[in-house]
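In: Next input, structure requested:
(one chain, ligands or ions: 1)
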Amino acid sequence: MNQQINIGLFGFGIVGNGLYEVLRQSPATHATISRICIKNREKQRQLPPEMFTFDPGDILDDPDINLVVELIDDAAAAYTIVKSALEHGKSVVSGNKKMLAAHLPEFITLQAGNGTGLLYDASACGSIPVIRNLEEYYDNDLLQSVTGILNGSSNYILTKMFSQGLDFATALTLAQELGFAESDPTFDVGGLDALYKLVIITVHAFGVYVQPGEVFNCGIANISEKDMQFAREKGRKIKLVAQVRKNPEGSLSLYVMPRMVSPDKYIYNVEDEFNGVVIKGAFYDKQFMFGKGAGAYPTGSAVLSDITARGYDYRYEYKKMKLDGRPAFTNNANVNVYLRYSKESDLNLFCFENIRERYYSDEFGYVTGLITLENLHRVRDLLAGMDVFLAEI
Ligand code: HSE
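Out: Below you'll find the predicted structure:
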């Protein structure tokens, strides 16, 4: 049934504005924005003042509002809003990956208890409907891995550095100006944004929830010309890649790190703010989803898709979470990496299982070889402070 949806919107930033415009131009929908709750009282808005409120209660306690759409930046405030909305019996659409990655188990229980629905396809990969596809189509145990470029800003920066010779800071500023980056862009370039998306994807791909803090992530903030030169010499591009994979003995590993990608891979040609997701299964081999991963309209259209899905009472059922024999998460798995460093003392913090290649010069060195995710996770918090660049190879 396609029911009338009266939306209470929290946040009217880049994605909120994008949603407003997408909704305005979308003739088929039965959804209208009734009220918008915002924080900043000073900012000039294009809409009539009576559309806005500063009091969340004006949305949460309004019986005519049957859907809360949460598009704010602050994960702690978003958690309070989403929890309160679900407790008030209102369904919710959210795009806040950090908040969702931290609180999904609680929200899954809350929805099951009161029949509300929480949809969040917009939280991972912008306009690509990856969550709903994993939830509905890949509903079997044949799935082997999900691998993707999940952060549009990092991909945009790497594209501009690699193909156009821009420096990191200029490329990041452009990504911010275009509305791709988070308000704190270290989330993008540090690999955290991709990590949160990967945690959400893993719930829907494998029915397994892993706390973000348990997963190794590193980003592109330390990339240098030397690393790009190394990649070019090997005929590769550097991409920030997130992966969840089943290991040969059946356990599950997740990680986010830059990767030297060869031209025969689907993600090699994913450029700018686009995202690309490769889904690998035992019998169908690889399938590839591609689309814009950031920006007002691509993300706004994903939010609209979740809104219309609520119009026919669609909910994620988390069927895979109810299966017996789900794979157990482990960091006890090897990855083959390139590590560029300038101080031997930094290199000594990494315990390689074996080293395949070594290079030294007065200025810097690199090694390539196998290392466990456990080992990398142990030094994760030190990485930002060291002059090292790590990439899977
Ligand atoms: N900052 C995010 C990105 C926005 O660059 O992908 C979309 O989630």
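In: quick one, domains of this structure?
Out: Residue ranges for the domains of the chain, per automatic domain parsing: 5-120, 131-293+326-332.
In: Buried deepest among the ones you listed, which one?
Out: Most buried of those by mean neighbour count (mean count of other CB atoms under 10 Å) is domain 131-293+326-332; its value is a mean of 20. For the C-beta atoms, the positions are set from N, CA and C on the backbone; glycine is no exception.
In: That domain near the ligand at all?
Out: Yes. Interface with the ligand: domain 131-293+326-332 contributes 151-153, 180-182, 188, 193, 293 (CB under 6 Å from any ligand atom).
In: Adding secondary structure, write those out as a markdown table.
Out: Shown next, in a markdown table, are the residues of domain 131-293+326-332 next to the ligand (DSSP: H, G, I helix; E, B strand; the rest coil):
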| residue | secondary structure |
| --- | --- |
| N151 | coil |
| G152 | helix |
| S153 | helix |
| F180 | coil |
| A181 | coil |
| E182 | coil |
| D188 | helix |
| D193 | helix |
| G293 | coil |
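In: In CSV: the domains of the chain, plus mean pLDDT.
Out: Below are these laid out as CSV (pLDDT from 0 to 100):
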stretch, mean pLDDT
domain 5-120, 95
domain 131-293+326-332, 96
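In: for those domains, which one sits closest to E317?
Out: Distance to E317, taken as CB to CB, is lowest for domain 131-293+326-332 among those, at 7.4 Å.
In: Quick check: end-to-end length of that closest one?
Out: Distance between the two ends of domain 131-293+326-332: 27 Å, counting by CA to CA, to the nearest Å.
In: try stretch 219-227
Out: 13 Å.
In: Residues contacting that stretch, please?
Out: 154, 157-158, 161, 168, 186, 188-192, 194, 238, 240, 256, 258, 338, 340, 364, 366, 383-384, 386-389, 391 (CB atoms under 8 Å, 6 or more residues apart in numbering).
In: And for stretch 337-350?
Out: 224, 226-227, 230, 257, 260, 363-371, 375-376, 379, 382, 386-393.
In: go on, stretch 99-111?
Out: 75-76, 78-79, 82-83, 86-87, 94, 116-118, 120, 123, 195-197, 199-200, 203, 209, 211-212, 315, 318, 321.
In: Could you pick out which of those residues are located in helices?
Out: When these are checked against helices (DSSP state H), the matches are 75-76, 78-79, 82-83, 86-87, 195-197, 199-200, 203.
In: So which of the residues you listed is the closest to the ligand?
Out: Of all these, the ligand sits closest to K197, with 7.1 Å by CB to the nearest ligand atom.
In: Would you confirm that the closest one contacts Q243?
Out: No. Proximity of K197 to Q243 does not meet the contact threshold set by CB atoms under 8 Å, at 11.8 Å.
In: just to revisit the earlier point, sort out which of the contacts of stretch 219-227 are in strands and list them.
Out: 238, 240, 256, 258, 338, 340, 366, 388-389, 391 (DSSP state E).
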